[in-house]
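Peer 1: just to be clear, the model below is a prediction. Sequence and coordinates:
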Amino acid sequence: MNTVMLVLTPLLPLLLAPWLRDTAQRRWLPLAVLPALATALWLPTGSQLTLPWLLLGVHLHLDAAAQLLMLLSALIWLLAAISVAASAEQTRAQIRGQTPGRRGFMPSFLLAMAGNFIVLLAADAVTFYLGFALMGLSAYGMLVNPRSQRARRAARVYLTFTLLGEVALFAGIVLLVAATGSTLFSDLSGQTLPGAAVALLLLGFGIKVALPGLHLWLPLTYTLAPLTAVAVLSGPMMKAGLLGWIRFLPADAAGVAAWGDTLIVLGGLGVAMGVLLGILQREPRAVLAYSSVAKMGLMSAIFGVAISDAAHGTTIVAALLLLAAHHLLVKSSLFLGIVATARQAGQRWILLPFGLLALSLAGAPLMAGHAAKLAIGDALGGRLAVLLTLSAIGTALLMARFMFLLSRRVGVEAGRGNPVATGAPAKPWLTPVWLVWVPVASIAPFVPDQLGFDVAALQTLGIGLLLAALAWVATMRWPRLRLRPPARDGLQILASLAHRAWPTSLRVPKLHWPTTLTRLASAPQAQPAPAATTGVSLVGAGLRWLSVFLLLLLAVLSPL
């Protein structure tokens, strides 16, 4: 029975992908998640399966971390599948790209789901890479929207970063297996890992974790892609990158601790950048995007401490998994809530469940976010105390900004007096399903008696809300103090800087490769400026040459 359930968990979504192509069949989509739920709930911890005849040997193992993430990820995939099943036919929201209305969405959804489940169960490097690649590449089919030029560009940016990450991961895994002589994760403990392999693994998974500089795909995707796709991307799929670090880089392996300080610095920069850019945004989805950058930056710094301290690394990683699980639930639930409450867009009561989730994410007392931060604080033993405090204040600021923008949008819809006419993407029964889910997401993965009260958490929450109130009063009193987000995204800014810094005589003409890499940073306009075109060529050429460099590095170092 255990073998059957472990096989069915990723196999059923794969089998359903060729059949569930028409939107009329979307009601069968939630069935694909049921084996994963059964595996997480009923199979005992430690269940495993080995298929030596498949690939280089497929090894599946349901350990405690996989069981926790499998349960919560399956619940999010189930809610997302229910949201797709509840989608109305050909609404205006579909035309604007907010909901999945294409034939290719559901097969991509199922393939990404199967890849995510493979990642969670994988006990060897090859199986993990197969699932990670399947998950990341299939997500492109969920994100792309042929009706929107900006959404198509966002999906291409995501695909480019994903491909770069896959090349880095492949090179890192080959170097790792060549050095250790085994593909099993259990054999990595205590081994000496090559520095080049560690760097490539940090880069490859760092793209999914959205480290500073590798995050440029995230704001575009979160803002322009269909909400259901963003919900699973921000939750189960993003945490797969963090799980990759945990699987491939054990704290007791030699050669890993040297990278701890680098992750701590990058994580701190991610927290600062996510908060500072997030409070400038004017779209609720954009605020949630930069909130993810800040939160994943905090998790990266915590993982940096874990690999720097082999004696306490296991305890820190266990607490980090609780924090990641909480963020997985709440962030995905916020995006799914926007879909579920579209028909009530002008009713102010919908702010209450969103406020509950926002308070949980901000670490309010008696909620799961606070319990997760207490666990992290105990595991760290006083380290990163300043970063944890600043992150808590910053998260409160971002959630206050999110609720302000959401309330203003609700007020606009209420003034129109006909929210249903705006193209509600979901059937009425989806709203009560989401409302029942909200309290669960606010306290999970903890049980109620584990939710404590701490005055320090109340203080950081109060400071964040006070700063948000002072900023609102100041901008109302002096409108010139209002800061606007940059008119261009990060890729366009980098292209402009490259154009200005690159000597005219050395500028590379635009190459017409079969791929679209050379056009990723160009603004969607009819006649792009020559400066932007040159900058785009530089960005595209840089990505290509970086990929070539990684492949050459693999070829040179693999015999060693």
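Peer 2: Now that the structure is in, tell me what you want to look at. Since this is a predicted model, take the numbers as computed values, not measurements.
Peer 1: for S360, list the residues it contacts.
Peer 2: 326, 330, 367-369, 441-443 (CB atoms under 8 Å, 6 or more residues apart in numbering). Where you see a C-beta, it was placed from the backbone N, CA and C, and this is true even at glycine.
Peer 1: what strand or helix carries it?
Peer 2: helix 351-361 (DSSP states H and E).
Peer 1: ok, now Y222?
Peer 2: helix 217-224.
Peer 1: give me the helices and strands touching the helix or strand that that helix is followed by, please.
Peer 2: Moving toward the C-terminus from helix 217-224, the next helix or strand (DSSP H and E) is helix 227-232. Helix 227-232 sits against helix 64-85, helix 105-121, helix 125-143, helix 313-340, with contacts defined as 3 or more CB pairs under 8 Å, 6 or more residues apart in numbering; DSSP states H and E.
Peer 1: if you set the cut-off to 7 Å instead, what comes out?
Peer 2: helix 64-85, helix 125-143, helix 313-340 (3 or more CB pairs under 7 Å, 6 or more residues apart in numbering; DSSP states H and E).
Peer 1: in a markdown table: these, plus mean pLDDT.
Peer 2: Shown next, in a markdown table, are the helices and strands packed on helix 227-232 (pLDDT from 0 to 100):
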| stretch | mean pLDDT |
| --- | --- |
| helix 64-85 | 93 |
| helix 125-143 | 93 |
| helix 313-340 | 93 |
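Peer 1: save those helices as TSV, and put in distance to R401 and mean neighbour count too.
Peer 2: TSV is the format used below for the helices and strands packed on helix 227-232 (distance: least, CB to CB, whole Å; neighbours: other CB atoms under 10 Å):
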stretch	distance to R401	mean neighbour count
helix 64-85	24	23
helix 125-143	25	23
helix 313-340	13	24
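Peer 1: need those in TSV with distance to L227, can you?
Peer 2: TSV is the format used below for the helices and strands packed on helix 227-232 (distance: least, CB to CB, whole Å):
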stretch	distance to L227
helix 64-85	8
helix 125-143	11
helix 313-340	5
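Peer 1: returning to that earlier point: just checking, which of the contacts of S360 belong to helices?
Peer 2: Among these, the ones falling in helices (DSSP state H) are 326, 330, 368-369, 441-443.
Peer 1: between the residues you listed, which is closest to A379?
Peer 2: Nearest to A379 among the ones in helices among the contacts of S360, counting by CB to CB, is H326 at 14.6 Å.
Peer 1: I'd assumed H370 was in contact with the closest one.
Peer 2: No - counting by CB atoms under 7 Å, H326 does not reach H370; the two are 9.8 Å apart.
Peer 1: all helices of the stretch 351-500 of the chain, in order?
Peer 2: 351-361, 368-380, 385-416, 430-443, 455-477, 490-501 (DSSP state H, counting those that start in this stretch).
Peer 1: of these, flag the one that's most buried.
Peer 2: helix 368-380 (a mean of 22; mean count of other CB atoms under 10 Å).
Peer 1: give me the low-pLDDT residue ranges for the stretch 101-250 of the chain?
Peer 2: In the predicted model, the stretch 101-250 of the chain carries pLDDT under 70 at residues 101-103, 146.
Peer 1: from F404, how far out is Q347?
Peer 2: 18 Å (CB to CB, to the nearest Å).
Peer 1: run the angle between the helix holding Y222 and helix 313-340 for me.
Peer 2: In terms of direction (axes from the mean of the first three to the mean of the last three CA atoms, to 10 degrees), helix 217-224 departs from helix 313-340 by 30 degrees.
Peer 1: how is this structure divided into domains?
Peer 2: 1-199+217-244, 249-426+450-485, 492-557 (automatic domain parsing).
Peer 1: straight-line length of the first one, end to end?
Peer 2: So that's domain 1-199+217-244. 28 Å (CA to CA, to the nearest Å).
Peer 1: so how many other residues sit close to the residue nearest to A258 when sequence neighbours are not counted?
Peer 2: Ranked by CB to CB, 6 or more residues apart in numbering and with sequence neighbours excluded, the top spatial neighbour of A258 is G195, at 7.5 Å. By other CB atoms under 10 Å, the residues close to G195 number 13.
Peer 1: repeat for R282
Peer 2: As a burial measure, R282 scores 11 neighbours (other CB under 10 Å).
Peer 1: name the element it belongs to?
Peer 2: Per DSSP H and E, there is no helix or strand for R282.
Peer 1: returning to what we had before: dump the domains of the chain to JSON lines, plus distance to W434.
Peer 2: Listed next are these as JSON lines, based on distance: least, CB to CB, whole Å:
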{"stretch": "domain 1-199+217-244", "distance to W434": "7"}
{"stretch": "domain 249-426+450-485", "distance to W434": "4"}
{"stretch": "domain 492-557", "distance to W434": "33"}
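Peer 1: where does the stretch 351-500 of the chain have low pLDDT?
Peer 2: Where the stretch 351-500 of the chain drops to pLDDT under 70, the residues are 411-426, 481, 485-500.
Peer 1: please redo it, this time with the cut-off set to 50
Peer 2: 414, 417-424 (pLDDT under 50).
Peer 1: mind saving the C-alpha coords of the strand or helix carrying G204 as CSV?
Peer 2: Using DSSP H and E, G204 maps to helix 195-209. Extracted C-alpha coordinates of helix 195-209, given in CSV (Å, rounded to 0.1, in the frame of the first residue of the first chain):
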residue,chain,number,x,y,z
GLY,A,195,33.3,24.8,-3.6
ALA,A,196,32.2,25.1,-7.3
ALA,A,197,29.4,22.7,-6.7
VAL,A,198,28.2,24.6,-3.6
ALA,A,199,28.3,27.9,-5.5
LEU,A,200,26.3,26.5,-8.4
LEU,A,201,23.7,25.0,-6.2
LEU,A,202,23.3,28.2,-4.3
LEU,A,203,22.9,30.1,-7.6
GLY,A,204,20.4,27.6,-9.1
PHE,A,205,18.2,27.4,-6.0
GLY,A,206,18.8,31.0,-5.2
ILE,A,207,16.8,32.0,-8.3
LYS,A,208,13.8,30.2,-7.0
VAL,A,209,14.3,31.6,-3.5
